[in-house]
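>>> heads up, no residue letters with this:
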């Protein structure tokens, strides 16, 4: 561990490790990078023009959003076009980021099953791109996951009522 020592008449001697210095430098650079992004938040409404067949980006309707995600992924699996893949990837990111950190949904069986399906679809497109179709084996596995998620959603809906 390399450390640098600073001595000054008015200051005490202190030691900073290289790791801590880099960590502080990156934190300061990250804070500076965020500052110009705040005016862009006003344009956030324009980015929300995502029409994923009533996909609620606010995350208030988990059951509805999950059914929409299942429909979107079934649609992109059936007919993969670059536009559909792009929309689905954005929806996957929104869905995952909304519900992964939500204590009310993260432990649900339907979410765990959907998370597996979402990760499978996202992983395929991240690794192989939009040009390669989803293999038959993965399609069959995804369909099983979608059915399991729908059954879990139905159970969770009944238990809530």
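Received the coordinates, thanks. No experiment lies behind these values; they were computed from the predicted model shown. Numbering: from 1, shown residues only.
>>> just the helices in the protein please.
18-34, 44-47, 62-78, 82-100, 103-106, 109-128, 136-160 (DSSP state H).
>>> just checking, what packs against the third one?
Same thing as helix 62-78. helix 82-100, helix 109-128, helix 136-160 (3 or more CB pairs under 8 Å, 6 or more residues apart in numbering; DSSP states H and E). C-beta: built from backbone N, CA, C; applies to glycine.
>>> and with 6 Å instead?
helix 82-100, helix 136-160 (3 or more CB pairs under 6 Å, 6 or more residues apart in numbering; DSSP states H and E).
>>> What score does residue 117 have for pLDDT?
pLDDT, residue 117: 95.
>>> So that it lines up with my notes, have the first residue be 29 from now on.
That works, and once the first residue is 29, the last one we named lands at residue 145.
>>> My understanding was that it contacts residue 173; is that so?
Yes: counting by CB atoms under 6 Å, residue 173 is a contact partner of residue 145 at 4.1 Å.
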